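>>> Any chance you can model this:
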Amino acid sequence: MKKERRTFTPEFKAQMVKLHESGKPRKDIISEYDLTPSALDKWVKQSQTSGSFKEKDNRTPEENELIKLRKENQRLLMENDILKQAALILGRK
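This is a model prediction of the structure:
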């Protein structure tokens, strides 16, 4: 049976991180709130590095550059396709 993916508010995530930082055992938090270990670990790491739980705020400069380059590459591919079509149309006349 497939479990439905749950979403958590930033307030809930911050509360879980505070519980962890206050010394409550990790396994107790996970079992009491029915969390996955990886989710709690990710929230703690995000809180420590950027203080934000948004993916955008936790990207490395390399990840940001890669996203920017992929967008630019997509735009250039579209422009190239448009120019190829224009050349075909003009070549027929």
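
>>> Need the residue closest to the centroid of this protein.
Centroid-nearest residue in the chain, with Cα atoms, centre = their mean: Glu55, separated by 3.8 Å.

>>> for that residue, phi and psi?
phi -60, psi -40 (degrees, to the nearest 10).

>>> tell me the pLDDT at it?
Confidence at Glu55, expressed as pLDDT, is 79.

>>> Find the helix or strand that the residue lying closest to Leu19 once chain neighbours are set aside is a member of.
With sequence-adjacent residues excluded and distances taken as Cβ to Cβ, 6 or more residues apart in numbering, Leu19 is closest to Ile29, at 5.5 Å. Glycine gets a C-beta too; all of them are placed from N, C-alpha and C. Ile29 belongs to helix 26-32 when assigned by DSSP states H and E.

>>> same deal with Leu40?
Here Leu40 is assigned to helix 37-49, by DSSP H and E.

>>> Now do the next helix-or-strand element following that helix: which elements does it pack against?
Sequence-wise, the next helix or strand downstream of helix 37-49 (DSSP H and E) is helix 61-92. With contacts defined as 3 or more Cβ pairs under 8 Å, 6 or more residues apart in numbering; DSSP states H and E, helix 61-92 has no helix or strand neighbours.

>>> Any stretches of the protein with poor pLDDT?
1, 93 (pLDDT under 70).
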